[in-house]
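Colleague: Everything below, folded, please.
(one chain, ligands or ions: 2)
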Amino acid sequence: MIEEVKIEYEKVVLVGIINQEQDEVKSKEYLDELEFLSYTAGGEVVNRFTQKVNVPNPKTFIGTGKMEEILQYVEENEVGTVVFDDELTPAQQKNIERILKCKILDRTGLILDIFAQRAQTSYARTQVELAQYQYLLPRLTGLWTHLERQRGGIGMRGPGETEIETDRRIVRDRIALLKKKLQIIDKQMATQRGNRGALVRVALVGYTNVGKSTLMNVISKSEVFAENKLFATLDTTVRKVVIGNLPFLLSDTVGFIRKLPTQLVESFKSTLDEVREADMLLHVVDISHPNFEEHIASVNNILSEIKCIDKPTVMVFNKIDQFTHEPLAEDDLVTEKEARHFTLDEWRHTWMSTMNGNALFISAVNKENMDEFRQKVYSAVRDIHITRFPYNNFLYPEIAIDQE
Ligand SMILES: Nc1nc2c(ncn2[C@@H]2O[C@H](COP(=O)(O)OP(=O)(O)OP(=O)(O)O)[C@@H](O)[C@H]2O)c(=O)[nH]1
Ligand SMILES: [Mg+2]
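Modeller: Ligands and ions are numbered 1, 2, ... in the order given. You can find the predicted model right below:
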């Protein structure tokens, strides 16, 4: 008998702002992504609120009127969580919590929550826990900022102050402990990586949900967990792959996202070491996503942060089966042609054509253009192999890859 599993989704409201950097269209796209993140975390978005804000209110981030409107909605609809797309200061978070009387999260807090839910191995859990404590530490101080004016005055030298100090010490001790624990695992992992010998290393990188794990499964015939939620993969998987007669190591790792919390980049150092130590990168892009160019920029930002931007890279534009564009009528002389009107072929002739053939267009799900993909990866890996081991050049003659 099949048991019916009922998933209880928590009611969530989103709040975003419109300003010089993000117009209405951008703001909507960011909230779409935030909605997907909320859904991944187990929330059902029931409403969105946006406000034109140039200088955020230092106390409550958005203005009083808008806050009233949200409060009314939250109370009438029994909303459990309100998620802000932008980073809130610990004090703002506290103040808003007091007004709306429900859970308040910002994008970073939400991403941390998803990571915590999805971390499987003890290594990933340790990394996430560290990031969470680092996020929490300034917020423990924040609990008391509303009393700042009275700090040190009468009544503030009692247990209140001691309690927060104790809490902070416990958190700091925990952070130190987790860091030590990670250091030990890091060393073990570095040794493991060292033992892998002379094989060329290729790392799949890219925005979350673009199809890295799916592609890994197709190439290495392995079973890496892939699903249509964000951050399906938190741990790195490494597989030995053979194309033609050429073996190499392929790694699949955590996906990137706009505004990836710095605490996470930091604590995922060792996971990202796999990327750092790779000889070349396969930067996977979901070309069917309206924001794919911005995703590329976010990924490149993080690659720069971890000093990997200069590695040989092949851009893999995935999900061509799902790609659509808005056709522009021939007699339409008014609408300006923009990215959303480009056909796949037109895209190929944009900046993508300047990549010296290092751009591939595939569908990992439908296995379209996989022969071209294999041929390209084969020759790129072979080039690296030859420069590293010129003497066994003969092992890897130029061959055509078996058509499967
Ligand atoms: N239509 C279509 N969907 C795809 C393709 N490749 C992957 N997907 C789907 O995209 C979703 C995400 O795929 P994953 O392989 O989990 O993506 P990922 O990049 O590993 O994601 P994270 O691990 O979350 O960073 C899944 O639902 C896949 O089935 C493709 O070529 N076409
Ligand atoms: Mg994945």
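Colleague: for the stretch 251-400 of the chain, what spans make up the helices?
Modeller: 262-267, 269-276, 292-305, 344-348, 370-388 (DSSP state H, counting those that start in this stretch).
Colleague: Would you mind listing what in the protein touches ligand 2?
Modeller: Contact residues (C-beta under 5 Å from the ion) of the chain with ligand 2: 212-213, 232-233. For glycine as for every other residue, the C-beta is placed from the backbone atoms N, C-alpha and C.
Colleague: Show me these that map onto helices.
Modeller: 212-213 (DSSP state H).
Colleague: follow-up on the earlier one: want to throw the helices of the stretch 251-400 of the chain into a markdown table with mean pLDDT?
Modeller: Putting the helices of the stretch 251-400 of the chain into a markdown table (pLDDT from 0 to 100) gives the following:
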| stretch | mean pLDDT |
| --- | --- |
| helix 262-267 | 75 |
| helix 269-276 | 80 |
| helix 292-305 | 92 |
| helix 344-348 | 88 |
| helix 370-388 | 89 |
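Colleague: In JSON lines, list the ones you listed along with distance to residue 359 and mean neighbour count.
Modeller: Listed next are these as JSON lines, based on distance: least, C-beta to C-beta, whole Å; neighbours: other C-beta atoms under 10 Å:
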{"stretch": "helix 262-267", "distance to residue 359": "27", "mean neighbour count": "19"}
{"stretch": "helix 269-276", "distance to residue 359": "20", "mean neighbour count": "19"}
{"stretch": "helix 292-305", "distance to residue 359": "11", "mean neighbour count": "17"}
{"stretch": "helix 344-348", "distance to residue 359": "8", "mean neighbour count": "14"}
{"stretch": "helix 370-388", "distance to residue 359": "9", "mean neighbour count": "18"}
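Colleague: nearest residue to the closest residue to ligand 1 within the stretch 201-350 of the chain other than its sequence neighbours?
Modeller: Nearest residue of the stretch 201-350 of the chain to ligand 1 (C-beta to the nearest ligand atom) works out as residue 255 at 2.3 Å. Distance criterion C-beta to C-beta, 6 or more residues apart in numbering; nearest residue to residue 255, sequence neighbours excluded, is residue 208 at 3.0 Å.
Colleague: State whether that neighbour and residue 229 are indeed in contact, as I suppose.
Modeller: No - with contact defined as C-beta atoms under 8 Å, residue 208 does not reach residue 229; the gap is 9.0 Å.
Colleague: out of those two, which sits in the busier spot?
Modeller: Legend: neighbour count by other C-beta atoms under 10 Å for residue 208 and residue 229, higher for residue 208 (26 against 15).
Colleague: Next, that one: phi, psi?
Modeller: For residue 208, the backbone dihedrals are phi -70, psi 140 (criterion: degrees, to the nearest 10).
Colleague: before we move on, what about residue 254?
Modeller: Torsion angles, degrees, to the nearest 10, at residue 254: phi -60, psi 140.
Colleague: right, and it touches residue 233 too?
Modeller: Yes - with contact defined as C-beta under 8 Å, residue 254 counts as touching residue 233 (5.9 Å).
Colleague: longest helix in this protein, by residue count?
Modeller: helix 159-194.
Colleague: Give me the buried positions along it.
Modeller: Residues 171, 174-175, 178, 181-182, 189, 193 are the ones in helix 159-194 that count as buried (16 or more other C-beta atoms under 10 Å).
Colleague: Stretch 68-80 too?
Modeller: Judged by neighbour count (16+ other C-beta under 10 Å), stretch 68-80 contains these buried residues: 70-71, 73-74, 79.
Colleague: Return the residues in contact with residue 242.
Modeller: Shown in contact with residue 242 (C-beta atoms under 8 Å, 6 or more residues apart in numbering): residue 248.
Colleague: and it, that one's in a strand?
Modeller: Yes - counting by DSSP: H, G, I helix; E, B strand; the rest coil, residue 242 is part of a strand.
Colleague: thinking residue 385 is in contact with residue 200, fair?
Modeller: Yes - contact criterion C-beta under 8 Å: residue 385 and residue 200 qualify, at 5.4 Å.
Colleague: which strands and helices sit next to the one helix or strand in the chain whose mean pLDDT sits lowest?
Modeller: Here the helix or strand of the chain ranked lowest by mean pLDDT, DSSP states H and E is helix 262-267, holding a mean of 75. Contacts defined by 3 or more C-beta pairs under 8 Å, 6 or more residues apart in numbering; DSSP states H and E place helix 262-267 against helix 107-118, helix 122-142.
Colleague: can you give me the angle the longest one makes with helix 107-118?
Modeller: Interaxial angle, helix 122-142 versus helix 107-118 (axes from the mean of the first three to the mean of the last three C-alpha atoms, to 10 degrees): 140 degrees.
Colleague: And helix 122-142, what does it pack against?
Modeller: helix 90-100, helix 107-118, helix 159-194, helix 262-267, helix 269-276.
Colleague: try the shortest one
Modeller: Under the contact criterion of 3+ C-beta pairs under 8 Å, 6+ apart, helix 107-118 touches helix 24-41, strand 81-84, helix 122-142, helix 262-267.
Colleague: what's the spacing between the shortest one and its chain's center?
Modeller: So the one you mean is strand 81-84. 19 Å (C-alpha atoms, centre = their mean, to the nearest Å).
Colleague: follow-up on the earlier one: out of the helices and strands packed on helix 122-142, nearest to residue 50?
Modeller: Among the helices and strands packed on helix 122-142, the nearest to residue 50 by C-beta to C-beta is helix 107-118 (14.8 Å).
Colleague: Please save the CA atoms from the closest one in PDB.
Modeller: These are the backbone C-alpha positions of helix 107-118, laid out as PDB (Å, rounded to 0.1, in the frame of the first residue of the first chain):
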ATOM      1  CA  ARG A 107      18.300  35.800   2.200                       C
ATOM      2  CA  THR A 108      21.500  34.700   4.000                       C
ATOM      3  CA  GLY A 109      19.500  33.200   6.900                       C
ATOM      4  CA  LEU A 110      17.200  31.300   4.400                       C
ATOM      5  CA  ILE A 111      20.200  29.900   2.500                       C
ATOM      6  CA  LEU A 112      21.800  28.800   5.700                       C
ATOM      7  CA  ASP A 113      18.600  27.100   6.700                       C
ATOM      8  CA  ILE A 114      18.400  25.200   3.400                       C
ATOM      9  CA  PHE A 115      22.100  24.200   3.800                       C
ATOM     10  CA  ALA A 116      21.300  22.900   7.300                       C
ATOM     11  CA  GLN A 117      18.400  20.900   6.100                       C
ATOM     12  CA  ARG A 118      20.200  19.300   3.200                       C
END
